[in-house]
Every structure is written in structure tokens, then in C-alpha cells.
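Peer 1: fold the following.
(chains A, B and C)
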Amino acid sequence: MKRFSILLASLAAMMFIAGAGAFAAGPAEKVLTIGVDQEAVGLDPHVVTSFSSMRRIDLLYSRLVRLDDNFVVVPDLAESWDIPDNLTYIFHLRKGVKFHNGREMTATDVQYSLNRVLDPKTASPGSSYISLVKAIDVVDKYTVKLSLSAPLASLLDGLTSNNLSIVPKEVVDANGNLQKVECGTGPFMLKEWVADNSMTLVKNPDYFEKGAPSLDKIIFRVIPEQASLLAGVKSGDLDMATINDGAIIRQAAKDPKVVVMSKPGLNMRIFSFNCTRKPFDDVRVREAVSLALDRSEVLTIAEFGMGKPTGPIPVAATQWALPLAKLPFSAVDIARAKKLLADAGFPNGFSFKITCASTYEGGLAVAQVAQDELKKIGINADLEVVEWGVYIDKWVKRDYDSMIELRGGSGEPDRFLYRTFYSTGGVNNFLFKDADVDKLLDQGRTQTKVADRKATYDKLQAALSEKAPAVFLYCPNENQVVSSKVSGFKEVGNGSLFYLTYTQVAR
Amino acid sequence: MAANRLTKNSIAMTGIVIIALYIAVILVSLFWLPFNPVSMDTEHLLEPPSLSTGHLFGTDEFGRDILSRIMKGCSVSLIISISATALGAVIGILMGIWAGYLGGRWDNWIMRVADVLFSFPSLLLAIFVMAILGEKTFNVVFAIGIVYIPQFARVSRGAILGIKSDEFVKAARSNGASSSYILFRHLLPNILVPLIVQISLSLSVAILLESSLSFLGLGVQPPYPSWGNMLSGARKVMAIAPWTAVYPGLAIVFLVLGFNLLGDGLRDLLDPRLRNVQ
Amino acid sequence: MGRYIVKRLLSLIPVLFGVSIIVFFLVRLIPGSALEMYMGTQVEATPQQMEELKRIFGEDKPVPVLYVQWVGRLLQGDFGYSLRTGRPVLPDIVSRLPISLELTLMALFLALIIGIPQGILSSLRNKPAVDVANRIIGLLGLSLPQFWLAALMVLAFSGFRGWIPMGNFVKFTVDPLKNLQMLFLPSLAIGIGLAAVIMRYTRNSMLEVLQMDYIRTAKAKGLKRHAVILRHALKNAILPVITVAGFNTGYLLGGAIVIEEVFALPGMGRLALYAIYQRDYPVIQGIVLVIATLFVLVNLVTDLIYACVDPRIRLYEGGR
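Peer 2: Numbers count the residues shown, from 1 in each chain, chains lettered A, B, ... in the order given. Reported below is the predicted structural model:
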């Protein structure tokens, strides 16, 4: 009995000490735990290409300008800018912005960062966004001037890319690159990174926007299974999760404990043709396929309806995108499709392969629906389901008849369409060459008046629908499943987590 | 005598009955299926099992009838399992008995190769082969077959070593019989017992391996149904439609159980150490 | 004994040499490359940039040259750097090894505590119905596809906090209880199948032992039934069970890929799977070598335990 009371006393003492410790810590830390399905590959903003790395960089670094939740370009490190002519852009920087190492960010850092991106040794994917920039001049400590060799209407939009984040030279020099270290000007700083497990970010107390961020800590947890992500939010292990699987979202929508945020994003699902392979070298065959594919049926089955049919410009970019009804060859017309096939010399259809992969990007489900729908016009499609690495290999080598793709679109028409459909475009893997399309694309990037550009891109959208180097299917929704404790988060539409800066979590 | 003992062994008999049921399903599926297993139906996506719609096991995310797909997939799974086992067994046994019979340097070399293959994790090896050859049904057979080669080589080598110095072999050799004659006419028939057991177990493991590969997206090509790729598709929707995963999974479980029961029963009957137990 | 161990360890060398050649050339036969994966389908690069990237990704030299360089560095203990993350390979593998080992040992433990009693029960001939039912149940466990069972477990337990690691795997050294809780379901998914194997060996070996003369003598002497079974029979029947358990441990080490994937456990299997998907050659090569080494070592240890438990068994030194 005596032994028991000693035990009890020591237990009480321990609880007291623990309790005192809790009080000493002051008000509870505001922590938000977010579940994501992929681990970040590296953190160097100028080098990374993966979506998962970008989502960390959203919060760690700043760019000159950023996109708000309506795809409008708004100030980030540059508080304002002038465009005296369409070849000159002058940026006025915020004063007193500090890198996470405490040093002030100035015009020299902007110059250094953009030059690092343009340096071929960096091999930065961001270089294509500013390849027309021929000089970067430091006007004074807080002013930078970019001079272009040719007009580029999409420059500002390009500068919102995380690949053009501003980084400090001394940290790059000390570490070779920034893949494993972090030193940005963003609202959060890297605290701990346990590979394939978790990454902890802590609040940047010196963030240039006063009062932000309101969270003390953000923890990224890597959970590859989408169902487990939802389970995590439901059980309270997670406060938020990025989920792209329609079935899981549909299940989440039924659950009163969680909030589903969902809006059409900038990614675009397309059915691409190899325009040099028979029979897809004949535009009539491509048009017939376009007329046979029922975009809303594909959407219903492959994405559980979580998305919106689109034309060549992502439907979410409302300023530019034409409604589907105004675009040719975008509604189902089986009779016309059959006639086009007959005219092209295939009255009895033909056989070909659809290359796809079982990852989400690889669009296996879309391929299966397309295969089924094409039977209606007598076309027999065989699926070539390959592993993701093989898929990329075939994409790079242009070794396919047709392919289901997920393209990263943009809210600015030039940025997405030029590199995708220009005859020498960097990601024109359709091997599509068309003089009219090239002309319109060239024209669009030199025009500065919005009304002129709008007219050009209206024509271009019609031309791309008619010449159909690819069938534009739909834009999947951008989804976040959020616990009801979380407030203030906004989706940008490109997956960005930047608005975690203004997010609050109730405890 | 052997047949009599077999029918008395309730474990083996249960296995045989289960396998026979599956073969019956295959025969039926050749002539009749409740629905077309590959045609999609947007009106009936992910319907739960129900008598009134006729979809006894429900429909999948494309509106296809799950029961029809399971029936159709039955022959796919069985063919893969049998061919892969046959491939692994033929090559593995040849390697094993030659190594065991010839001994010396041959034995050393052949068994080193087997050792190398053996110390590769089997699923990893199969994944490698699939990734290199591409996702085709035949390649699944090949990938699983390669995994089996070292296993059969070991079993048959061990068995040959156990009997090669027996009197009857020596007698045959002194009569001037050739090596291959001795191997195939005298030795092979005498080591059939462990090989049959190994074969029946391999048949069951092949079905599991095929489904694991398909689950990882490296198996039989859709829309052609195999149980593995049905489960792989179900993985995304099983949270809202558990029947898409439960029924194909049960189809696997019972066929594998059938082979396992048969194998275990045969082991009882054929294991000389246990023969006198009964 | 010492000579035997040395000999077995030496035989590891040709095996590892073979494994290293196979894995090195095999991974490069898989279509695609780490560089292509890195570039993806959205990124443009100038030819000049591509040259630079090829150099960085080590694609600028012929494969045999690369192999010689790799082996050369390997012999100095340098496993190279991951093409995906840029981190050194060996520490990454070493940090995941404990998780795979823990999973394997826990699965083995569960299999033994399920399988051995079941096997004993089955071997008692006075109740044939129990035997048959027992064996069918055991074999049913062996027939469950692991990933299917695992996925159903995730579905069933997803509402309960703590049973499924939500990307926050807790190390045993940090919080043993929580760690064991998280590993319980994954281990069970693996262990159920193994339990059937253990049960079969226990049963068969018990049947054999139970007819031995000394057991009959013990019975005749009037010893209590459970004493005979547990003290005399089981002690002798356990040998083959040890062998098969050991053998399967080696197998499990690399075999938990799918389970680690479904339960999101940061073990070696999942590292290997992702490395294959990403064509991260140095990581795949490193893991396969480590697993192969462990496999051979575990088999050696099994043989040694066997020899220690049963002095009648001599270790063969030559080819059997």
C-alpha cells in the first residue's frame, strides 16, 4: 500500500511538471497539417520541374509578381511596374524585404536570379518564359529594368512562375544549388525535411506583408493513397489534403465533417494525335475523332464529373476562353464524323493505338471511354497501357499514334499555346505544322491591346479546333479537401498553396 | 490405390472440387455471360449488387458488369498461371536435374545463376521484366516464369542428389545407358513427387503474382479483364463502391485456396515421412 | 564452424557480383531514363541545356564504362547519389532498413504465434474434423492476396486514428507503442499468409515426432498429455519450423513492396518501387545489392541456429 501511494505521488508530480511545461509554452501553436500524395523532389526553384516541389516553393520563395485566385497578375516582390513600350518592363521593388538568412533583398538579387535562370548551365525550365529578355539592368537599389529583343505579351504572366523565384547568390554559391537548402523571402521557412515522410515549415516572422502569415507551422505529410488522404482529414490527423481523384472527392462531398473546395483548374486533358502518322496526317480523320468523342461523357466517367469541358484555352481563363458552342468540331455528331471518315478513304474505319498510363496523368480511364466511343464510328482503338516512365519515353521520342495527355495550361493564352502548337514549339509533340496557326501565334504575342489580342486568340481557338492536332477534352477540377476548422484558404487554379499565407486554423 | 487415397483425403478433394467449379465457370463463359464484359454503360456507373438490375455483383466505374468480368477473367488468370508455371517448371527442372546429375563445375555454374536469380526479391524481379518487355499478357507469363526458374531448379536438383547414387542408377549406367536416357527414364520419374507439390503451389502463387503486378499497373491490358486489373481499377473507387474490390478479390482467394488445398493434400499423400501416419 | 562461416561468406562474393551485373544492365534496359522523367512532358530545354543535363544525369558515357566506374566507387563504400533527390544513396537505404526489418520481424512473430498453436492443434489426431477445419482456415490465410487484404484493412480502419500511418511514421526509438500500433495491421497482412506455412510445417513435423518411440514411452509412463506434447514433442518438432521461418524472413525483406505502398510505410520496398518508376538507377542498384546481401546472410544465420539447436546436424562444407 505504501508503495502504491509513492507511485501515486510521483505520478501527480509528473503531471504537475508536464502541466507547468504546457503553460510556460504560452498560447498553443497554430499548426496546419496538409496531406499530399507525392514527395518533393528538390527545392531549388530554378531547377525543379515537379508539381510536388512547386507546392513547397509557393510558400518558401517569392517571385516579382504572382497570380491571385482569379488569374490576375498582382504584386509580390515588385510592388508596382511600368511598361513604357512593349519591349521594356520596369519593376519597382518593395523596400526592406529580407531573405530567410536576414539579408535584405535588392535589385541585384533579381538580376542575379534571372541571369541564373537564363544561364544554360543551370538548365532551368524557367528560361523559356524569359528567353526573349536580352538585358536585365539594375537601375537603383530597388528598381530593375528588363529589355526584350521582341515583344512578348505574356511576360508578366511568365514571371509569376515559381521557376523565376528570387534567390540570394551567397546561398547558391555556398551550396552549389538550392535543392536541399532553402533561403527565400516567402511567408514560411524550411525547418525539417524527413524524406518520403514529412516536411515542416515555420512562419517567417519578417515576411514583408504585415500580419501574415497567421499560421505558426505547416507540416506536409506524404501519403500516396488518395483514400488514405481523405481518411486522414476525417480522422483529424490532417487538416487539409490535395486530392485529385474524382471518386474520393465525391465521397468527401457527402461527409459533413469536411469541406470540399473545387474549381476548374488550368490543367487540360487532351487526346493528342501524331500528325505525321497515317491516318492522322489527314485532318478529316482528326476531325472525325473530335466529333465522335463526347466530352461530357468522358468527364462523367473518368473524373466523376469533377471538371468542365474545354476548348484550346483552359475554360477557367474566362477572359480568353471561347465557350464550346462557338468552336467547330466540339459537339458530338456521329453522322458527320462517319462522312468525314468516308471522304478520307476509311468508310469501314481503321485500327490504331491509344497510348496511356495507369497514373492519373496517364489517363487510363479516359482512354477506355474513348476506345468505347470510337467504336460508334467504326474505329477500333487498341489501348497501349504502359508504365509511366515508358509513357514519358514514348512522348519524348514521339513514338505513338495517339496519346491521352494531361497538359499544364495557363491563364495567359500565349504561354500555353505558343510552345504547344507553334511548328517549332518546345512541347509540340503532335509534330503539328500549320502556317496559319503559326501566324496567329506570332501575332498574339506582339499585341499589347487586350481587344486586339482577344480577336487574334478567338481566331486561333477556332483554327485549333478545326485543325485538331489534339482533341481538347476537359479541365479537371483543382480540389482541396479541408477540415471545417480551417478557414481563409483560396484555390488559385494552378494548384498553388500560396493562400496558406492567409489561412487560419481553429483549435 | 493412389486414386483411392486421394478421394479419401478431404483436403485434396475440397481443392479439386473448387478447381472443378472454376473450370465449369470457364466453360460456361465460353458460351454465355450475363453481360458483355467490355461494353460501357454510363447509365449504370458503380451500381451496387442487385437482383433487379441483373448486376448480381454490381457494376464498375465504367458501368461494366462485374460478374461477367470475373467470369471472363477466370480463363485469363488460369491461362497465365498455368503457362507461367509450365515455363518456369520446364526450364527450372532441366537446369536442376542437369546440375544435380552432372555435378562438379556444371553444378556450380548452374546453381550460381540460380542463386543470383534467387536472391532477387521475386516481385521486384517480375517488375523489372515487365518494365523492360512492356505490359502485354504474354510478358506477364514470362515475368512470373523467370521468378519460378530458380525455385524449380533447387527442388529438382535436391531431389536428384538424393537418388543419384542409388543402386538402380548404377545398374543402368553399367549397362551402358546414356546420361540423358538415365536422366529422363530413370531419375525424372522418381523425383515427380516433390515436383508435383511444387507445381501445385506455383499455380497458386502465379495467380497472386499476376494480381500484384496488375495492381501496380503492370499487368494484363484493359479493357480485357483480369482479376488483377479489376482490382487495380477498383483501388480508386473501393472507398465508395467496395463491391468493385470485394468480388474480384474473392474470386482470387477461392481459386488460390483450391490450388493450395490440392497442393497440401498431395503433400500429405506423397510425403514418405507422413505416409505411415494414417 | 568458423571455417564454414568464412566459406559461406566468401560464396557471397560471386552472388553479389552476378546481382550487380544483372541489376546494372537490366535497369538500363527499361525504356525511359531519369532525365526524361525529370523533364516530363511540360518542359522545354535548349540543346545546350540538354547536353548539360546529360552530363549531370551521367548519360554521357557508355554503359560498360559506367559499370566499371560504379563498381570502383562501390568498393570504396560509395553507393553514389540519387538522380531524383541528389541525396547519397547509402544513408537513404540505411534509414529505411529498420522499418523493413521491423515489419518483417513483426510479421514473423505474428505468424509464429498464430501458426504454431494451430499446427499443434491440427496434429492431434483424435479430432480429425478440427484438423481439417484448421488447415482450411490456415490455407485460406495463405490464399489472400496481401495487397487486397491490406487495402480492405485501410478501408475498414480509416476511421480510427493511429492504426494507419498518415505519413507520420513514428520510429520505434521515438515512441515504441505508437510505432507498434502503426505496424500491427501491415504485419498482420503479411503474417496471415506466413502463418499457414508455419502451421503446415509444425503440423507435419509434430505428426512425425508424435509417432517416435520415446513419445510412446513417455505416454506409457503415464505423463500428462499436454506435458508430452509441449515438453517432448514440440521441442523436437520445432526444428523444421525454424528453417522455414528463417528462409521466409529472407524472402519477406524484399517482398513487402505492395504492403509498404498501400500503408504508405517508408521502407525499402517502397523506395525500390519509386526508384524503378523514376529510373533512379543508383538507388535501385543499391537496394537490390543490400537486399541480396541480407537474403544470403539471413539464410546463413538460419543454418547456424539450426545447427545450434540440434547438435546432431553437422554443417556441410562441400556441395551437398
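
Peer 1: can you show me the strands along the stretch 51-200 of chain B?
Peer 2: Taking DSSP state E, counting those that start in this stretch as the criterion, the stretch 51-200 of chain B carries no strands.

Peer 1: what residues does it put near chain A?
Peer 2: By Cβ under 8 Å from any Cβ of the partner chain, the part of the stretch 51-200 of chain B that sits against chain A consists of B:61-63, B:130-131, B:134-135. Yep, even glycine has a C-beta here, placed from its N, CA and C like the rest.

Peer 1: which of these fall within helices?
Peer 2: B:130-131 (DSSP state H).

Peer 1: in a markdown table: the residues of the stretch 51-200 of chain B next to chain A, plus neighbour count.
Peer 2: Formatted as a markdown table, these follow (neighbours: other Cβ atoms under 10 Å in any protein chain shown):
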| residue | neighbour count |
| --- | --- |
| B:Glu61 | 22 |
| B:Phe62 | 22 |
| B:Gly63 | 19 |
| B:Met130 | 24 |
| B:Ala131 | 25 |
| B:Gly134 | 16 |
| B:Glu135 | 25 |
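
Peer 1: okay, the residues of the stretch 51-200 of chain B next to chain A in JSON lines with pLDDT next?
Peer 2: Shown next, in JSON lines, are these (pLDDT from 0 to 100):
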{"residue": "B:Glu61", "pLDDT": "85"}
{"residue": "B:Phe62", "pLDDT": "86"}
{"residue": "B:Gly63", "pLDDT": "88"}
{"residue": "B:Met130", "pLDDT": "85"}
{"residue": "B:Ala131", "pLDDT": "81"}
{"residue": "B:Gly134", "pLDDT": "78"}
{"residue": "B:Glu135", "pLDDT": "73"}
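
Peer 1: widest-spaced pair of the residues of the stretch 51-200 of chain B next to chain A?
Peer 2: B:Gly63 and B:Ala131 (31.6 Å; Cβ to Cβ).

Peer 1: what about the helices in the stretch 101-250 of chain B?
Peer 2: B:104-118, B:122-133, B:137-163, B:167-174, B:179-181, B:188-190, B:192-215, B:227-237, B:243-270 (DSSP state H, counting those that start in this stretch).

Peer 1: in TSV, list these along with distance to A:Ser402.
Peer 2: TSV is the format used below for the helices of the stretch 101-250 of chain B (distance: least, Cβ to Cβ, whole Å):
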stretch	distance to A:Ser402
helix B:104-118	38
helix B:122-133	23
helix B:137-163	22
helix B:167-174	62
helix B:179-181	53
helix B:188-190	52
helix B:192-215	24
helix B:227-237	21
helix B:243-270	28
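
Peer 1: so A:Gln368 is in which element?
Peer 2: Using DSSP states H and E, A:Gln368 sits within helix A:364-374.

Peer 1: lowest average confidence, helix or strand, in chain B?
Peer 2: Across the helices and strands of chain B, the lowest-confidence element by mean pLDDT, DSSP states H and E is helix B:272-275, at a mean of 54.

Peer 1: which residues sit in contact with the closest residue in space to B:Ala99 that isn't next to it in sequence?
Peer 2: Spatially, and ignoring its direct neighbours in sequence, B:Ala99 is nearest to B:Ile110 (3.9 Å; Cβ to Cβ, 6 or more residues apart in numbering or on different chains). B:Ile110 makes contact with B:95-96, B:98-99, B:153 under the criterion Cβ atoms under 8 Å, 6 or more residues apart in numbering or on different chains.

Peer 1: and which of the residues you listed is nearest chain C?
Peer 2: B:Ala99 (9.8 Å; Cβ to the nearest Cβ).

Peer 1: how many residues are close by that closest one?
Peer 2: 26 (other Cβ atoms under 10 Å in any protein chain shown).

Peer 1: B:Asp107 is in contact with that one, correct?
Peer 2: Yes - B:Ala99 is within contact range of B:Asp107, at 4.4 Å (criterion: Cβ atoms under 8 Å).

Peer 1: shared neighbours of these two, anything?
Peer 2: Joint contacts of B:Ala99 and B:Asp107 (Cβ under 8 Å, 6+ apart) are B:Arg157.

Peer 1: relative to chain A, how far out is C:Leu253?
Peer 2: 19 Å (Cβ to the nearest Cβ, to the nearest Å).

Peer 1: what residues are bridge-paired with A:Ile270?
Peer 2: Beta-bridge pairing for A:Ile270 (DSSP bridges): A:Glu405, A:Phe472.

Peer 1: show the pLDDT at it.
Peer 2: According to the prediction, A:Ile270 has pLDDT 95.

Peer 1: before we move on, back to that, ok, now how distant is the residue nearest to B:Ala99 from A:Gly35?
Peer 2: 50 Å (Cβ to Cβ, to the nearest Å).

Peer 1: how close does the spatially most central residue of chain C get to chain B?
Peer 2: What sits nearest the mean C-alpha location of chain C, by Cα atoms, centre = their mean, is C:Leu253, with 1.7 Å. According to Cβ to the nearest Cβ, C:Leu253 and chain B sit 7 Å apart.
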